[in-house]
Structures are given as structure tokens and as C-alpha cells.
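Chemist: I'd like to go over a predicted model; first the sequence, then the structure.
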Amino acid sequence: MIDLTNKKILLVRNDNVGDLVCTTPSIEGLRKKYPNSQIDIVVNSYNFDAINSNPFVNKIYCYTKPKHKKSFLNKVKAAFGKLKILFDIKREQYDAVVIFRSGYSKSAELFSNITNAKYKVGVKDPKGKDKFSIHIEANHNKNEVEFCFDCLLPFGVNYDNENTFYFVEEYLFNKYTEYSDHILFHISSRIDENKYFIENYFSIFEKLNDKKILISAEPDDFLMAEELSNKFNNVFFIKTKSLHDLSGLIKNVKLFITLDGGAMHLAPAVGTKTISISGKTNMNKWYPWGYEDLVLQDKSKIANNIKPDLVVKKIMEII
């Protein structure tokens, strides 16, 4: 075992919100193993909320990806912001760097390569061009939470019932306390195979006509959400301003039903039971941590093929 007591450790998780949420148990485990070590992390502006106010990290390096900016000037500003972070990381003289990515990422390894760390952990480049000193095998039949702990095994960090974590400010929680006896449906997903059609929601809500139901959605699905809420007296559509705003709502409700996406990982991280209506996603790897038994997925890997009666049955088993 490599001992990192009183060492400087850099973690890198610069992809999506859900991925970073799945990393939080291992960060907690690392802190418990090395309470006096410096634990810093690199994230991006897109997933920053998933680590903001996390009690187990010392410093957060947050940069904006140039591809997320439209104008040339903003792309240049983003590029210079990233360069500054790389300079700051190089100057910090880290002892170990861990890339939490189950697929090789050249852009993530850049943050490792800029350091002179003795221990550099990551998944092997298929072309064999990476500079990691310790390679981690990515087992896609394991949940992402388990994979993140695999990345820390060389340092003696093991899973010990840690949960995913997402910090919700008190004002956001208080904003939605009136909905504590409601069921919340999040009806948006970006991928066609993960979408669930309005007819299925009609059928579900007809069978739940004695329940208090809320709907949340991304802007592309606002019209669908409004049509559903207008048809049923017990169904209400709430336009949350962001995923972070949505976290305050999710934390209050008694049950959350969602399609694949970041919100699916957000709910367990704030302590809310989560049913996932899943499509093409590999749910061995991405099931909401702690709620594997509440995953609904058809053999076709098309979410819309999941019968509404199955969704209703699962809901009634819980409430």
C-alpha cells in the first residue's frame, strides 16, 4: 500500500454532474483514510455544483471548457483561465494525482502531466501513450461509485458504506418545503432511447389520481409538462431555474421518478428515494447509488417500452 499521510493529492473529475456525484463517496473515503492530507480537485463550470461546499476537499480548481463558450473572445478567456489553473497546479507540487474517468481522457490526463507527482493514477490509453504510473482497469459491470474506489485502492482506501453527497443550501430547501408529501416526476432526457412519451405519463397519472404529483422538466419539455399538468387536477408543473435549484425540490419530496441523466444521481445524493425509468444506459454501471432495486429497464433498452403499469406498481410498493 502507498501511504499518502500528510501528502498533497490532486483529484480530477472534469466531465458531467452525475459522474462527479458518483465520485463523492470515494472522496469521503479518501478523507477518512488521510484526515491531514491536502485533497484538491479539478472540475469544470458545468459540474461545479456537484462538489461545491463538499466538506472533504480543501481546494477546488474550476475552469470553463472553451467549447462551452460561443463567442471567440469568451473561448479565449476560457482558454486563459484553464492555463492559469494548470500553472497553479504545477506550482503546488502534488505527490499523487488520480483521474476519475473510466475511459481514457487526454484532456483529463493533461492535469496529471503538468505535475511532477510520483504517483499518477488513471485508465490506460488504448494507444499506450499515457504517462500514468498506476493503471486502473475499468470494469463496466461495476457501478461508477465502485470504480472510483478502485482508483484509490493503491492508497489503501476501501468502501465503507459512504453515500453520494450533494450540498443543498438552506434557502433552496426552504423554498420547497410545502411539497414534502408529493411525488416528483422529472420527464426530460437528452437521448431518444431514454425518453418516455406523454401517453405513458397520461396513463400513470390516471392511476395515481389520489396522489399529489409534481413535474419538473428541461426547457425543451416545458410544453409537454404544461399539457400534463393542465389535464390533471392533482398534477403541478414547477419550472426550476437550474439543476441546482431542482436539488432543493428533490430533497423535499417523498419520492423521485426520473429518466436517465444527472438528476438521477442527484436525488440519492440528497437522500431521496429514486425510481429510474431507464433506456440505453448501462445500468450496472450507472444505477442511482443505493437504489439498484428501483431501476426499471426493458430488454429492448428503450425507455418508452416500459409499461406504465410497471411504473405505478413500483411507486405503490414504496409509498
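Modeler: Sure thing, it's come through. Residues are numbered from 1 along each chain as shown.

Chemist: got the phi and psi for E292?
Modeler: Main-chain torsions, E292, degrees, to the nearest 10: phi -60, psi -30.

Chemist: could you check the pLDDT of it?
Modeler: In this model, E292 is scored at 96, pLDDT.

Chemist: check contacts around it.
Modeler: Neighbour list for E292: N143, M283 [criterion: CB atoms under 8 Å, 6 or more residues apart in numbering]. The C-beta positions use only the backbone N, C-alpha and C, and glycine is treated the same way.

Chemist: apply 6 Å and report the result again.
Modeler: Residues near E292 by CB atoms under 6 Å, 6 or more residues apart in numbering: none.

Chemist: please apply the same query to the one 5 residues further on.
Modeler: With contacts defined as CB under 6 Å, 6+ apart, Q297 is in contact with S278, M283.

Chemist: that one pairs with what?
Modeler: Beta-bridge pairing of Q297 under DSSP bridges involves S278.

Chemist: other SSEs contacting the helix or strand containing F111?
Modeler: Under the criterion of DSSP states H and E, F111 resides in helix 106-113. With contacts taken as 3 or more CB pairs under 6 Å, 6 or more residues apart in numbering; DSSP states H and E, helix 106-113 sits against strand 96-99.

Chemist: quick check: which element contains F256?
Modeler: Using DSSP H and E, F256 falls in strand 255-259.

Chemist: contacts for the following helix or strand past that strand?
Modeler: Following strand 255-259 in sequence order, the next helix or strand is helix 262-269 (DSSP H and E). Residues outside helix 262-269 that contact it (CB under 6 Å, 6+ apart): 17-18, 21, 164-166, 186, 243, 247, 250, 256, 258, 274, 276, 288-291.

Chemist: go through the residues you listed and flag which are in helices.
Modeler: Taking DSSP state H, the ones among the contacts of helix 262-269 that sit in helices are V17, G18, V21, L243, S247, I250.

Chemist: list the contacts for the closest residue to T281 other than its chain neighbours?
Modeler: The shortest distance from T281 to any non-neighbouring residue, by CB to CB, 6 or more residues apart in numbering, is to D260 (4.6 Å). By CB under 6 Å, 6+ apart, the contact list for D260 reads S189, N194, S278, T281.

Chemist: before we move on, what about S180?
Modeler: Counting by CB under 6 Å, 6+ apart, the residues that S180 touches are N252.

Chemist: coming back round to it: among the contacts of D260, who's most crowded?
Modeler: When neighbours are taken as other CB atoms under 10 Å, the top entry among the contacts of D260 is S278 (26 neighbours).

Chemist: for it, give its distance to L296.
Modeler: Counting by CB to CB, to the nearest Å, the gap from S278 to L296 is 6 Å.

Chemist: so where does F149 fall, helix or strand?
Modeler: Judged by DSSP H and E, F149 forms part of helix 144-152.

Chemist: what is that helix packed up against?
Modeler: helix 17-33.

Chemist: now what about the helix it packs on, what contacts it?
Modeler: Helix 17-33 is contacted from outside by 13, 47, 50-51, 56, 100, 144-145, 148-149, 152, 157, 162, 164-166, 262, 265, 269, using CB under 6 Å, 6+ apart.

Chemist: list the buried ones in it?
Modeler: 17-31, 33 (16 or more other CB atoms under 10 Å).

Chemist: now stretch 202-216
Modeler: I204, F205, L208, K211, K212, I213, L214, I215, S216.

Chemist: for stretch 139-149, same thing?
Modeler: Of the residues in stretch 139-149, those with enough neighbours to count as buried (16+ other CB under 10 Å) are K142, N143, E144, V145, E146, F147, C148, F149.

Chemist: out of these, the closest to I2 would be?
Modeler: F149 (15.2 Å; CB to CB).

Chemist: with adjacent residues omitted, what lies nearest to N141?
Modeler: For N141, the spatially nearest residue (CB to CB, 6+ apart) is N284, at 4.8 Å.

Chemist: count the residues that sit near that neighbour.
Modeler: 13.

Chemist: with K118 instead?
Modeler: When neighbours are counted by other CB under 10 Å, K118 comes out with 12.

Chemist: look up phi and psi at it.
Modeler: Per degrees, to the nearest 10, the backbone of K118 is at phi -70, psi -40.

Chemist: quick one, what contacts G248?
Modeler: V168, L172, F173, K175, Y176.

Chemist: helices and strands of this structure: which one bottoms out on pLDDT?
Modeler: helix 72-92 (a mean of 83; mean pLDDT, DSSP states H and E).

Chemist: that one to helix 106-113, inter-axis angle?
Modeler: With axes from the mean of the first three to the mean of the last three CA atoms, to 10 degrees applied, the angle from helix 72-92 to helix 106-113 works out at 30 degrees.
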